[in-house]
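K.L.:
Quick check, what structure comes out for this input:
(chains A and B)
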Amino acid sequence: MDKDDSLTMEAAKAAAETMTGAQMVIRALKDQGVTHIFGYPGGAVLPIYDALFQAEGITHVLVRHEQGAVHAAEGYARSTGRPGVVLVTSGPGATNAVTGLTDALMDSIPLVVLTGQVPTHLIGTDAFQECDTVGITRPCTKNNWLVRHVGDLSRVLHEAFEIATTGRPGPVVVDIPKDVQFQSGAYTGPRGLHHRTYRPRLDPDTGAIVRAVEMMAEARRPVFYTGGGIINSGPEASKLLRELVDLTGFPVTSTLMGLGAFPADRPEWLGMLGMHGTWEANHAMHDCDLMICLGARFDDRCTGLIKAFSPGSRKIHLDVDPSQINKVIRVDLPIVGDAARALREMVRFWKQGGRKAQDLKPWWKQIDAWRARRSLDYRNSDTIIKPQYAIDRLYDLTRHRDDVYVTTEVGQHQMWAAQRFRFHQPNHWMTSGGLGTMGYGLPAAVGVQMAHPGALVIDIAGEASVQMTMQEMSTAIQYDLPVKIFILNNEYMGMVRQWQELLHGKRYSHSYSEALPDFVKMADAFGCVGLRAEKPAELDDRIKEMIAVDRPVLFDVRVDPAENCFPMIPSGKAHNEMILSDMDDGGEISDAGKMLV
Amino acid sequence: MHDTRVKPGDEIARHTLSVLVDNEAGVLARVVGLFSGRGYNIESLTVAEVDPMARTSRITIVTSGTPQVIEQIEAQLNRLVPTHRVTNWTSEEAGIEREMALVKVAGTGDKRVEALRMAEAFRARPVDTTHASFVFEITGAPDKIDNFVDLMRPLGLVDVSRTGVAAISRGPEAM
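P.N.:
Predicted structure coming up:
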């Protein structure tokens, strides 16, 4: 501990105030700048809810299911860059939060989740609504704590925020027994507190940056492969990425999680890479001589067949989490640090050294040839709404606005949205990437709209996913959140159906929803607006109506049930073996490929 | 440029790792859960508080894997919030590894005499003696204990209890 720290600690102690554990929770949230929490009350958190009742300055959003609370907090966090905060009760309150916690861990979303626990003397007795919350959530959080003594509570709460929001962000759980909430103790503020062991490395090694810039200046077929780490680092990282591309003229592709960091209307943009990425992005990844991975983690959706992954390239990997380096793909130059700081240094050294890129014309000529395959094209229809057409129209009719936020559920609609909706800013695209959680999009939209009251928040959904957390429409009504649920209704679990078609001899085992609700009537029952479109010709008017109405909308867009999502890298294949349509005979999948998900 | 694949020549090898952690509730579960959750192997594990003032515990783990897997294990252990530091005694630093075992052998006649003779050769000490049995205490590198246990098998081996490996660096420096 240095001298300054000990002084601030003294100051913090002098300023200590006595209050109950429940009051400490509210006070710590305020001291951390929290303005919104998403939660659901229950027996083991009643003291905290009581303190909340008497507090001002914190808006509580009552969800309808704890999973919804966590996804809403994720949407809030991802669209603002601030941590999402959740308050739930013990037992089922905590177990219902597990899916959201795992989702946030996989996608590096900063969340502070507070759970009530049975009083300490009942822990271990199988008490009513008791569960081993820290045991259950240990593998799905960045860290978690059971606070047995009120004297530890304020320190743990502030550590929880520090750990959730710094380094590689992630969810944390603080489990607080009910007796600790009632006990009185001294509250200490966040100033001067530092965790004993946790020291994320943020500043990149200068030698590595210099080497990276040299490698970039030598490259003849370079590509930037960017990910969610750019978004998590903050808007500055996206600006610096644009500047680095201005300086180098290198092409850019991105993972699902990184969309929006680089504007989709710029000529250097190749589109998303990976299983449903564009022809040009995947071929550029395969044929490049230098891959500069910025805040991505070589996820299996992105790499395709590992042994055939970009065989001729040198690879640079920037990540704030050292455990991501060489996890899946061995790289030539690792850089551990925060994306914005590393990009700032790259820009500085590129400029300082008067660096110039090699002649990239032959590379761009090759990329243009790949682009000419027009891999996102589809055959439109004037009798049936193609899902791609629906997303194109939604984009065209909203593109004049810069306050459009898109969330998605998981499946075909998610991939079509990622391929076709064009993002120009970070933090405007919220999707469940790592875990692939159906039911994410609707509650996430609730969280986004809570943070951005006047914005246009659209959940591009599927009819199967949206039913998993449909009850959160009720939350949207309660808080006047005019979220737009844009359901591409093909009556199937579309991605399951697509895989059954391609891999399982068109045996559509349980992927057809035989008893769908009438979404328009359902909207009516919830008290929101229901819309339906069945023909391409009526789509534009309905979309305009959806945008114009200042209330939550459930929009049932009846789309072609047989449409498949292409292009696609079939399971177990390499980037350069992707297929463009059902007719493409490269689609035969090996037994090893069938094993993959 | 690296070959991106795990090469067939990347042999699975045994490594001894020490992890210095904050001695807080659940820290062992965090370490063990990391191994089971990511499919890593634990061959032995020892844990005890080593500095009550600093509230730190030392966990020594013997594991096995390819070099890439071992590198991941170290990185994942370092990522745990309560971890102070991780040392690999097999690939990074010269260390001393010792294990203690209690070995029970039952028998009479020639086998009993032979067991006692072997124990002397291994500097194993009888800590419990009856007319029909011995309990030997033996300390050494894990290989030595393996050898001793193997030799006791035909001589009436009844039971074995091993502590797992403790490791420390050679020379004046701490871990």
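
K.L.:
gap between stretch A:269-278 and the chain center?
P.N.:
17 Å (Cα atoms, centre = their mean, to the nearest Å).

K.L.:
Just give me the neighbour total for the closest residue to residue A:362 other than its chain neighbours.
P.N.:
Closest residue to residue A:362 apart from its sequence neighbours, by Cβ to Cβ, 6 or more residues apart in numbering or on different chains: residue A:220 at 7.5 Å. (Glycine included, C-beta is placed from N, CA and C.) Counted with other Cβ atoms under 10 Å in any protein chain shown, the neighbours of residue A:220 add up to 13.

K.L.:
what about residue A:220, which SS state?
P.N.:
Here residue A:220 is recorded as coil under DSSP: H, G, I helix; E, B strand; the rest coil.

K.L.:
That one contacts residue A:366, doesn't it?
P.N.:
No: using Cβ atoms under 8 Å, residue A:220 makes no contact with residue A:366, being 10.7 Å away.

K.L.:
ok, back up a step: what residues are up against the residue nearest to residue A:362?
P.N.:
By Cβ atoms under 8 Å, 6 or more residues apart in numbering or on different chains, the residues touching residue A:220 are A:289, A:358-360, A:362-363.

K.L.:
if we look at stretch B:25-36, which residues are touching it?
P.N.:
Contacts of stretch B:25-36 (Cβ under 8 Å, 6+ apart): A:134-135, A:138-139, A:146, A:148, B:19, B:21, B:40-42, B:45, B:47, B:57, B:59, B:61, B:63, B:73, B:76-77, B:80, B:82.

K.L.:
List buried residues within the residues you listed.
P.N.:
Neighbour-count burial (16 or more other Cβ atoms under 10 Å in any protein chain shown) applied to the contacts of stretch B:25-36 gives A:134, A:138-139, A:146, A:148, B:19, B:21, B:40, B:45, B:47, B:57, B:59, B:61, B:63, B:73, B:76-77, B:80, B:82.

K.L.:
so which strand or helix has residue B:174?
P.N.:
Element membership for residue B:174 (DSSP states H and E) is empty, with no helix or strand holding it.

K.L.:
Looking at per-residue confidence, what score does it get?
P.N.:
What the model reports as pLDDT for residue B:174 is 87.

K.L.:
Please report the number of neighbouring residues for it.
P.N.:
Around residue B:174 sit 7 other residues, with neighbours defined as other Cβ under 10 Å.

K.L.:
and what of residue A:506?
P.N.:
For residue A:506, the count of nearby residues is 9 (other Cβ under 10 Å).

K.L.:
What of residue A:65?
P.N.:
20.

K.L.:
Go through the helix or strand harbouring residue B:104 and flag the buried ones.
P.N.:
Element membership of residue B:104, judged by DSSP H and E, is strand B:95-106. For strand B:95-106, a neighbour-count test (16+ other Cβ under 10 Å) marks B:95, B:97, B:99-106 as buried.

K.L.:
Just give me the closest of those to chain A.
P.N.:
The closest of those to chain A turns out to be residue B:95 (Cβ to the nearest Cβ; 22.3 Å).

K.L.:
Need the nearest residue in space to that closest one, chain neighbours excluded.
P.N.:
residue B:89 (3.6 Å).

K.L.:
hmm, back to that, compare the contacts of residue A:220 and tell me which has the most neighbours.
P.N.:
That'd be residue A:363 among these, by other Cβ under 10 Å, with 23 neighbours.

K.L.:
so where's chain A uncertain?
P.N.:
A:1-15, A:583-589 (pLDDT under 70).

K.L.:
Give me the phi and psi angles of the residue nearest to residue A:362.
P.N.:
Backbone torsions of residue A:220, given as degrees, to the nearest 10, read phi -110, psi -20.

K.L.:
same deal with residue A:74?
P.N.:
Main-chain dihedrals, residue A:74, degrees, to the nearest 10: phi -70, psi -40.

K.L.:
dump the residue contacts of whichever residue of chain A sits closest to chain B.
P.N.:
Of all residues in chain A, the one sitting closest to chain B is residue A:323 (3.7 Å; Cβ to the nearest Cβ). Taking Cβ under 8 Å, 6+ apart, we find residue A:323 in contact with B:72, B:75-76, B:78-79.

K.L.:
how about 10 Å then?
P.N.:
A:168, A:297, A:336, B:71-79 (Cβ atoms under 10 Å, 6 or more residues apart in numbering or on different chains).

K.L.:
Is it possible to get TSV of these that adds distance to residue A:50 and secondary structure?
P.N.:
Below are the contacts of residue A:323 laid out as TSV (distance: Cβ to Cβ, whole Å; DSSP: H, G, I helix; E, B strand; the rest coil):
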residue	distance to residue A:50	secondary structure
A:168	35	coil
A:297	43	coil
A:336	45	strand
B:71	50	helix
B:72	46	helix
B:73	46	helix
B:74	47	helix
B:75	44	helix
B:76	41	helix
B:77	41	helix
B:78	41	helix
B:79	38	helix
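
K.L.:
Identify, from the residues you listed, the entry nearest to residue A:556.
P.N.:
Ranked by distance to residue A:556 (Cβ to Cβ), those are led by residue A:297 at 36.4 Å.

K.L.:
List the single closest residue to the closest one in space, sequence neighbours excluded.
P.N.:
Using Cβ to Cβ, 6+ apart, the nearest residue to residue A:297 is residue A:324, at 4.8 Å.

K.L.:
is it true that that neighbour touches residue A:228?
P.N.:
No: using Cβ atoms under 10 Å, residue A:324 is not in contact with residue A:228; the gap is 11.6 Å.

K.L.:
picking up where we left off before, within its sheet, name the partner strands of the strand holding residue B:104 and how each one runs.
P.N.:
Here strand B:95-106 has these sheet partners by DSSP bridges: strand B:133-140 (antiparallel), strand B:157-169 (antiparallel).

K.L.:
just checking, what packs against the following helix or strand past that strand?
P.N.:
Tracing the chain C-terminally past strand B:95-106 and defining elements by DSSP H and E, one meets helix B:110-121 next. Where contact means 3 or more Cβ pairs under 10 Å, 6 or more residues apart in numbering or on different chains; DSSP states H and E, helix B:110-121 is packed against strand B:95-106, strand B:125-130, strand B:133-140, helix B:142-152.

K.L.:
Show the average pLDDT along the third one.
P.N.:
For strand B:133-140, mean pLDDT is 98.

K.L.:
what does the first one give?
P.N.:
Rounded to a whole number, the mean pLDDT of strand B:95-106 is 96.

K.L.:
got the angle between that strand and helix B:110-121?
P.N.:
160 degrees (axes from the mean of the first three to the mean of the last three Cα atoms, to 10 degrees).

K.L.:
Return strand B:95-106 as CSV; C-alpha atoms alone will do.
P.N.:
Provided in CSV are the C-alpha atoms of strand B:95-106 (Å, rounded to 0.1, in the frame of the first residue of the first chain):
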residue,chain,number,x,y,z
GLY,B,95,12.0,-26.8,-7.4
ILE,B,96,12.0,-29.6,-4.8
GLU,B,97,8.9,-31.8,-4.7
ARG,B,98,8.1,-34.1,-1.8
GLU,B,99,5.2,-36.3,-0.8
MET,B,100,4.5,-38.2,2.3
ALA,B,101,2.6,-41.5,2.4
LEU,B,102,1.4,-43.9,5.1
VAL,B,103,1.6,-47.5,3.8
LYS,B,104,0.0,-50.4,5.7
VAL,B,105,1.3,-53.9,5.1
ALA,B,106,-0.1,-57.1,6.7
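
K.L.:
before we move on, the earlier item: find residues that contact each of residue A:324 and residue A:228.
P.N.:
Listed as contacting both residue A:324 and residue A:228 by Cβ under 10 Å, 6+ apart are A:168, A:295-297.
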